[in-house]
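Peer 1: Provided below are the primary sequence and the corresponding predicted coordinates.
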Number of protein chains: 2
Amino acid sequence: MHLKEIVENIFPTDPKWMQKARERSASLVMPHRALGRLHEFAERICTIRETLEPSVENKAVLIMAGDHGVAAEGVSAYPQEVTGAMIATFLRGGAGINALCRHVGAEVFVTDMGIIPDTNPADFPEGHRLRVEKIARGTANIAKEAAMRRSEAEHSLLTGFAVASEKIAGGIDVLATGDMGIGNTTPSAALGAVFTGAPLEKLVGPGTGLDAAGVQRKRDIVRRAIEIHQPAREDPIGVLAQLGGFEIGAIAGTLLAAAYHRRPVVVDGFISTAGALVANALAPAVRDYMFAGHLSEEHGHAAMLSHLGMEPILQFGMRLGEGTGAALALGILDASVKSFREIFTFEEAAVPDKK
Amino acid sequence: MHLKEIVENIFPTDPKWMQKARERSASLVMPHRALGRLHEFAERICTIRETLEPSVENKAVLIMAGDHGVAAEGVSAYPQEVTGAMIATFLRGGAGINALCRHVGAEVFVTDMGIIPDTNPADFPEGHRLRVEKIARGTANIAKEAAMRRSEAEHSLLTGFAVASEKIAGGIDVLATGDMGIGNTTPSAALGAVFTGAPLEKLVGPGTGLDAAGVQRKRDIVRRAIEIHQPAREDPIGVLAQLGGFEIGAIAGTLLAAAYHRRPVVVDGFISTAGALVANALAPAVRDYMFAGHLSEEHGHAAMLSHLGMEPILQFGMRLGEGTGAALALGILDASVKSFREIFTFEEAAVPDKK
């Protein structure tokens, strides 16, 4: 499918369903809207699915992985080989995302969008959960040249779209995004600066653990990358090619797929929200389908969410990535839908309403 | 058991276990403390249980129910018969707390501490989940006289302690508190004012849905109750007798039981936190065992939590009571413990640590 066709077939949700869902909430045996935001979560899911009996039973976290040429500039506290080592950990079930997905009942799927080492599904016990779509062995260094070719940026979006569409066709009710890639808070901050217009001071943070001097250096590198490439936010694919990561493109593609197929999708933290900025620039109606899983501790996430008009579900000061904040929020969405569907109405409970 | 014996056997947790738990967190394959507050939740549970392999598998929400004489003053938006009707709904599985407990895998137990109508375990399909410990058919009207006798206040505390102790003896790993009682935000606000010292403007709110004039009237009634009884916070049992509710005493007793038996306990919203203020006044070390499930939308909850030095886990603008905020937080505690126990160490994952 062409990107143009995808983008042209993403439509806002129908407010009529929001109205119907709010009426159902009002009938439940409790003071008006006493479950607070849980009502809102369930009603948005009803509206997305156009039903008052939505399911979020089948859940999947799609982790997109990529390496980053800009890591050569010393923008991360961790060595670049951690990307590949963590992919192996995901596939062996030993990472944060695995524990949280087991907890909420979600499956974890990893796509190698372009990490440096070889990956082979046959190497892992759950090998079928690794998909290899390597565009290249890492992006180029954005402090010196464009991260990727324009055709590669399009390809990353279409691959994310294809992976997510396949999961939806396979019966997944609700998706969540995740990322892995040493150095990827740097391109994410750069994309954040371009799409939100917020100053770099608000967007560049310590990532996995830089000290103050490291953050300053990282900020200078992002500034240099933006000066060199002169990104134009009216051309989101161009911006992604100049500053992005393969996994960020694939996350944006995942979000487009959710909106295209009318499924709710939970956006994780800083890197995933950079993907959301790209998707939103391509098709603003994508916002109707997205939930912000949490507010990351990473400096800059708040500015991105505020630009998108998204209110995070959880705030635990997490900054792990992998999709961990989104996975935990999947459990909350599940709770909201169960409340919406299972609680008796005043009539069913035979409880007197307000005086 | 005598209350004195209980209170004298509640001790602070041992910081040595917190240290051990933090060391284990630091070994997990992720940037330092990248799961934010999830680390803290798991470490507190380790410290309470004195183990690095704690379980929160077996969960129970103990709903304490009572009616309130002060309802005669028009302090609630709902008629008083709702208390009994909601108890029936809990036992039929149709309330918010039931949906959320099914979601997190917790059992719901209801104790009738003193509601007006008769309750009979045999009337309900899950009758054994109702326990009848009726102290009286509702408290007296605190705007005119003491809510209960001093001996009844003690009895409410001891009953909550006994119910919770029985569940713990039966294998429950983690408890949560819940309440039902039309009118019970009024005594809770009064207890809040006495124990926190905060002004009534900060503590009295709309409850289930009073308008501005109703809130003003309610505030006047709380002021009158405090003027009449002249409560002395140095005597928490006396304050409970003057202003309290039977269910609030039983919630305080539940919290004392958790601390006495060294089990984590999640405090729900406004009414439960009024119970926490009573428990804290009796045995301040109880705070080491309590988690604040959420920040209620009810005006005044924040002042109570701040007095207790408790940071809420969730903030969804909920104001339903029943234990719903605490139940949802049980799922988060579960996630925190699973993360703590299941995530590989750097060594197990063979992932290089920070440069």
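Peer 2: Right, received. Where do you want to start?
Peer 1: Chain B contacts on the stretch 1-150 of chain A?
Peer 2: A:28-32, A:34-38, A:77-79, A:81-82, A:85-86, A:88-89, A:92, A:94-96, A:98-100, A:102-104 (Cβ under 8 Å from any Cβ of the partner chain). C-beta: built from backbone N, CA, C; applies to glycine.
Peer 1: Show me just the buried residues among those.
Peer 2: Neighbour-count burial within the residues of the stretch 1-150 of chain A next to chain B applies to A:28-31, A:34-38, A:77-78, A:82, A:85-86, A:88-89, A:92, A:94-96, A:98-100, A:102-104; the criterion is 16 or more other Cβ atoms under 10 Å in any protein chain shown.
Peer 1: Is stretch A:184-196 positioned near chain B?
Peer 2: No: contact check for stretch A:184-196 against chain B, using Cβ under 8 Å from any Cβ: none in range, with a minimum separation of 11.0 Å.
Peer 1: What segments of chain A are strands?
Peer 2: Using DSSP state E, the strands of chain A run over A:59-66, A:106-114, A:130-132, A:174-180, A:265-267, A:290-292.
Peer 1: relative to strand A:106-114, how tilted is the first one?
Peer 2: When axes from the mean of the first three to the mean of the last three Cα atoms, to 10 degrees is applied, the directions of strand A:59-66 and strand A:106-114 differ by 20 degrees.
Peer 1: Relative to strand A:59-66, what are the paired strands and their orientations?
Peer 2: Under the criterion DSSP bridges, strand A:59-66 sits next to strand A:106-114 (parallel), strand A:174-180 (parallel) in its sheet.
Peer 1: Tell me which of those strands sits most buried.
Peer 2: Mean neighbours per residue, mean count of other Cβ atoms under 10 Å in any protein chain shown, is largest over those for strand A:174-180, with a mean of 30.
Peer 1: and that strand, how far from the chain's centre?
Peer 2: Centroid separation between strand A:174-180 and its chain, computed with Cα atoms, centre = their mean, to the nearest Å, is 5 Å.
Peer 1: likewise stretch A:200-214?
Peer 2: The offset between the C-alpha centroid of stretch A:200-214 and the centroid of the whole chain comes to 21 Å, using Cα atoms, centre = their mean.
Peer 1: is it true that residue A:313 touches residue A:292?
Peer 2: Yes: under the criterion of Cβ atoms under 8 Å, residue A:313 is in contact with residue A:292, at a separation of 6.5 Å.
Peer 1: okay, and the common contacts of those two?
Peer 2: The contact sets of residue A:313 and residue A:292 overlap at residue A:266 (Cβ atoms under 8 Å, 6 or more residues apart in numbering or on different chains).
Peer 1: before we move on, back to that, would you turn the strands paired with strand A:59-66 into JSON lines with mean pLDDT?
Peer 2: Formatted as JSON lines, the strands paired with strand A:59-66 follow (pLDDT from 0 to 100):
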{"stretch": "strand A:106-114", "mean pLDDT": "98"}
{"stretch": "strand A:174-180", "mean pLDDT": "98"}
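Peer 1: closest one to residue A:204 among those strands?
Peer 2: Nearest to residue A:204 among these is strand A:174-180; the distance by Cβ to Cβ comes to 17.3 Å.
Peer 1: Pop the domain breakdown of chain A in here.
Peer 2: When chain A is parsed with automatic domain parsing, its domains come out as A:3-53+A:341-349, A:59-332.
Peer 1: ends of the longest one, how far apart?
Peer 2: Between the opening and closing residues of domain A:59-332 lies a distance of 12 Å (Cα to Cα, to the nearest Å).
Peer 1: Which ones among the buried ones among the residues of the stretch 1-150 of chain A next to chain B map onto helices?
Peer 2: Under the assignment DSSP state H, those contribute A:37-38, A:82, A:85-86, A:88-89, A:92, A:96, A:98-100, A:102-104 to helices.
Peer 1: so residue A:183 touches residue A:66, yeah?
Peer 2: No: because the distance of 9.4 Å does not satisfy Cβ under 8 Å, residue A:183 is recorded as not touching residue A:66.
Peer 1: Can you pick out the residue with more neighbours from these two?
Peer 2: Set side by side, residue A:183 and residue A:66 give different neighbour counts by other Cβ atoms under 10 Å in any protein chain shown, the larger being at residue A:66 (36 against 30).
Peer 1: residues in contact with that one?
Peer 2: The neighbourhood of residue A:66, defined by Cβ under 8 Å, 6+ apart, consists of A:83, A:113-115, A:135, A:138-139, A:180-181, A:184, A:245-248, A:250.
Peer 1: before we move on, what about residue A:141?
Peer 2: A:69, A:70, A:72, A:73.
Peer 1: For these, pick the one with the most neighbours.
Peer 2: If you rank these by neighbour count (other Cβ under 10 Å), residue A:70 sits at the top with 28 neighbours.
Peer 1: Leaving out sequence neighbours, find the closest residue to residue A:304.
Peer 2: If you skip the residues right next to it in sequence, residue A:304 has residue A:273 as its closest partner in space, 4.5 Å away by Cβ to Cβ, 6 or more residues apart in numbering or on different chains.
Peer 1: confidence score at the residue of the stretch 51-200 of chain A found nearest chain B?
Peer 2: Residue nearest to chain B within the stretch 51-200 of chain A: residue A:94 (3.3 Å; Cβ to the nearest Cβ). pLDDT, residue A:94: 97.
Peer 1: do residue A:127 as well
Peer 2: Residue A:127 carries a pLDDT value of 63.
Peer 1: Return the distance of residue A:341 relative to residue B:99.
Peer 2: The span separating residue A:341 from residue B:99 equals 8 Å under the rule Cβ to Cβ, to the nearest Å.
Peer 1: same deal with residue A:164?
Peer 2: When Cβ to Cβ is applied, the distance between residue A:164 and residue B:99 equals 29 Å.
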